[in-house]
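Enquirer: Using only what follows, build the 3D model:
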Amino acid sequence: MTREEVKSMDFEAFKAALPTMEDVHYLEADGTEVYGIYKHDVCYMEKDGIQRTLQMIVPEMKPDKGYTYPAVLYVQGSAWMKQDNYKRLGVMARLAQRGYVTAILQYRESSLASYPAPVEDAKTGVRFLRMHAEEYHIDPENIVIMGDSSGGHTALAAGLTADDDCLDGGIYPEVSCGVKAIVDLYGVTDICQKGDFPTTPNQGEADSPEGMLIGGNNVYEHPELSGPVILTNYVRADKEIPPILMMHGIADDMVSYNQSVRLYKKFLEEGKDVTLYLVENAGHGDIAFWTEKNMDIVEGFIRKHTGR
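Expert: Predicted coordinates:
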């Protein structure tokens, strides 16, 4: 349509001609579109004067849909020290776009509280999400816990002991801290395997990350403190645990993939539902874990076990 033709048309005639114009395109909104709203610094607990928060992304649809979504509580790796709770915000936004409520957990770091404080806080985080399911459009029956590195350890410990009378801070005790599944990315599983931490020269010593976790003590000299951190101690044939997805980089020189293999072997020995992915050429915290291909694997696992 030429400029002269456009100029000669009144508005109604021009509007009626829109479908015939090559540069006018029509898209269809089918009502299933999802976008995420960021809920920052949501306080989920206060203990000993210390507040801990969640960085949440909540999917939103048209108000008349009334949908609920599975929730993923994510525990950031930090060697159990102060966490950067915004580091994976972009990844969690991508996951929320796929139809999940995501919440990044801030837990009490080792300089504030010794083990099992991170695990206690993770369980409290699960309970908080379940308590506030209606507010945040969460399906309370479908909460998954996920973490990387030390956060993978915390996610595993919280999920493996959800039904036990241990590693629990007792906040919101009337609410279950059980989860439908666990996703562990290159997590620590046994702090007493010195050869599995090749780039940590002070591994196991009082001032090491794992030593600080247990109150500034040597992990090898204090088995009564380090024993509860070792995850194989919570895996038994007669104990029900959620399905588990594990991923670890073969080139990881900070936390050897032997850590995941050791726990994977124990899971199989005790007849548990576990899947292990070993990522060739991937180091610790590698961006390879956050590709769309890997996100598809994680989402497929979650959907399989939540039915959503």
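
Enquirer: On the three-state scheme, Val42 is what?
Expert: strand (DSSP: H, G, I helix; E, B strand; the rest coil).

Enquirer: What is the burial count for the closest residue to it other than its chain neighbours?
Expert: Of all residues not flanking Val42 in the chain, Leu54 sits nearest, at 4.5 Å (CB to CB, 6 or more residues apart in numbering). (Glycine included, C-beta is placed from N, CA and C.) Leu54 has 24 neighbours, counted by other CB atoms under 10 Å.

Enquirer: ditto for Val91
Expert: 17.

Enquirer: Need the CA coordinates for the helix or strand hosting it. PDB is fine.
Expert: For Val91, the host element (DSSP states H and E) is helix 89-97. C-alpha atoms of helix 89-97 as PDB (Å, rounded to 0.1, in the frame of the first residue of the first chain):
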ATOM      1  CA  LEU A  89      18.300 -15.600  40.200                       C
ATOM      2  CA  GLY A  90      18.400 -15.600  36.400                       C
ATOM      3  CA  VAL A  91      18.400 -19.400  36.300                       C
ATOM      4  CA  MET A  92      15.500 -19.500  38.700                       C
ATOM      5  CA  ALA A  93      13.600 -17.000  36.600                       C
ATOM      6  CA  ARG A  94      14.000 -19.300  33.600                       C
ATOM      7  CA  LEU A  95      12.700 -22.200  35.700                       C
ATOM      8  CA  ALA A  96       9.700 -20.100  36.900                       C
ATOM      9  CA  GLN A  97       8.900 -19.300  33.300                       C
END
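
Enquirer: Run a quick check on Gly285 versus Ser149, I expect a contact.
Expert: Yes. Here Gly285 reaches Ser149: they are 6.6 Å apart, a contact under CB atoms under 8 Å.

Enquirer: on that earlier part again, which other helices and strands contact the helix holding Val91?
Expert: Under the contact criterion of 3 or more CB pairs under 8 Å, 6 or more residues apart in numbering; DSSP states H and E, helix 89-97 touches strand 35-47, strand 50-60, strand 69-75, strand 101-105, helix 292-306.

Enquirer: Which positions within it qualify as buried?
Expert: Neighbour counts over helix 89-97 (16 or more other CB atoms under 10 Å) mark 89, 91-92, 94-96 as buried.

Enquirer: Where do the helices of this structure begin and end?
Expert: 3-8, 11-16, 89-97, 117-131, 150-160, 209-213, 223-226, 258-269, 292-306 (DSSP state H).

Enquirer: Identify, out of those, the most deeply packed stretch.
Expert: Scoring the helices of the chain by mean neighbour count under mean count of other CB atoms under 10 Å gives helix 150-160 as the most buried, with a mean of 29.

Enquirer: Distance from that helix to the middle of the chain?
Expert: Centroid separation for helix 150-160 versus its chain: 10 Å, with CA atoms, centre = their mean, to the nearest Å.

Enquirer: which other helices and strands contact it?
Expert: Counting by 3+ CB pairs under 8 Å, 6+ apart, the packing neighbours recorded for helix 150-160 are strand 69-75, helix 117-131, strand 138-148, strand 181-185.

Enquirer: among the ones you listed, which is nearest Asn202?
Expert: helix 117-131 (20.5 Å; CB to CB).

Enquirer: Strand 50-60 and that closest one, what's the angle between them?
Expert: For helix 117-131 against strand 50-60, the angle by axes from the mean of the first three to the mean of the last three CA atoms, to 10 degrees is 40 degrees.

Enquirer: Mind pulling up the pLDDT for the most far-flung residue of the chain relative to its centre?
Expert: Residue distances from the centre of the chain (CA atoms, centre = their mean) peak at Ser8, which lies 60.1 Å from the mean C-alpha position. Note on Ser8: pLDDT of 94.

Enquirer: chain center to stretch 299-308, what's the gap?
Expert: 14 Å.

Enquirer: Now do the same for that stretch: mean pLDDT, whole number.
Expert: Averaged across stretch 299-308, the pLDDT comes to 95.

Enquirer: who's more crowded, Gly285 and Ser149?
Expert: More crowded of Gly285 and Ser149, by other CB under 10 Å: Ser149, with 23 against 18.

Enquirer: Pull up the gap between Ile244 and Ser111, please.
Expert: Per CB to CB, to the nearest Å, Ile244 is found 30 Å from Ser111.

Enquirer: Comparing these two, which residue is more hemmed in?
Expert: Ranked by neighbour count (other CB under 10 Å), Ile244 and Ser111 place Ile244 first, with 23 against 11.
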